[in-house]
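In: Next comes the sequence, and after it the predicted model I'd like to discuss.
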Amino acid sequence: MAIFDPLLDRNPDFAATNAHVGLTPVPRHQVFLLSCIDSRVDPAILLNLDLGDALVLRNAGGRVTNEAIQEIAFIGAVTEMMAGDGTPATFEVVVVHHTGCGTGLLADDDFRSAFAAKTGADADELLASAVLDPRATVRTDVEKLRDSPLLPTHAVVSGHVYDVDTGLIETIETSVGSVE
Ligand SMILES: [Zn+2]
């Protein structure tokens, strides 16, 4: 029996709800969420999303990596193509970091150097990818994305922190600037 089997067994119940029927690849909300892979921070659950509500990309920490920027650029290109000669609808890239993030392990010197040796990753880049202070890292990432030449011109960016203890999301950067 595969480890996945107990979860797979739940799928027919989902299919029976018909929640998937009639959806298109275009989400209801012009929102592209970027968040951590941590099982406690699934944005679909935190935000009560329905199937088809929003685009979601997750990586360790919810970091604005070059790969994440490529994905955002891809969505920008797709929405431009779909708009034809018209103006594509503005979409918001919502970056969410969280408290208690497991990427904090990368700040541990022994763990980081062993992982760097095993994977060939740059130790300094690994350290920079650790989310120790989510308010600080989300600001850094919002700035990085806004500064990227690959950010679609019809995209805006906001930054938020999810608190795993309270269940609440705090906005750190709105799509037009800092809240503080
Ligand atoms: Zn995390």
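Out: Alright, I've got the coordinates. These numbers were taken from a predicted model, which means no experiment stands behind them.
In: In terms of helices and strands, where is the residue lying closest to Leu106 once chain neighbours are set aside?
Out: Excluding the flanking residues, the one nearest Leu106 by CB to CB, 6 or more residues apart in numbering is Ala130, at 4.0 Å. Every C-beta, even on glycine, is put in place using the N, C-alpha and C of the backbone. Secondary structure from DSSP states H and E places Ala130 outside every helix and strand.
In: is it true that Ala130 touches Leu105?
Out: Yes: applying CB atoms under 8 Å, one finds Ala130 in contact with Leu105, separated by 7.5 Å.
In: Settle it for me: which of the two has more neighbours?
Out: Ala130 (20 against 13; other CB atoms under 10 Å).
In: Near the ion, which residues of the protein? Just list them.
Out: Those residues of the chain that sit near the ion, judged by CB under 5 Å from the ion, are Cys36, Asp38, Cys101.
In: Where is the longest helix in the protein?
Out: Longest helix in the chain by number of residues, with DSSP state H as the criterion: helix 66-83.
In: for this protein, what helix or strand is lowest in average pLDDT?
Out: Within the chain, no helix or strand scores below strand 177-178, which has a mean of 68 by mean pLDDT, DSSP states H and E.
In: For the chain, give me the ranges with low pLDDT.
Out: The chain contains residues with pLDDT under 70 at 177-178, 180.
In: The residue positioned nearest the centre of it bridge partners, please.
Out: Among the residues of the chain, the one closest to the centroid is Leu34, at 1.2 Å (CA atoms, centre = their mean). Per DSSP bridges, the residues bridged to Leu34 are Leu57, Val95.
In: quick thing: my sequence starts at 289, can you match it?
Out: Sure, I'll start counting at 289 from here, so that last one is Leu322.
In: separation between it and the ion?
Out: 12 Å (CB to the ion, to the nearest Å).
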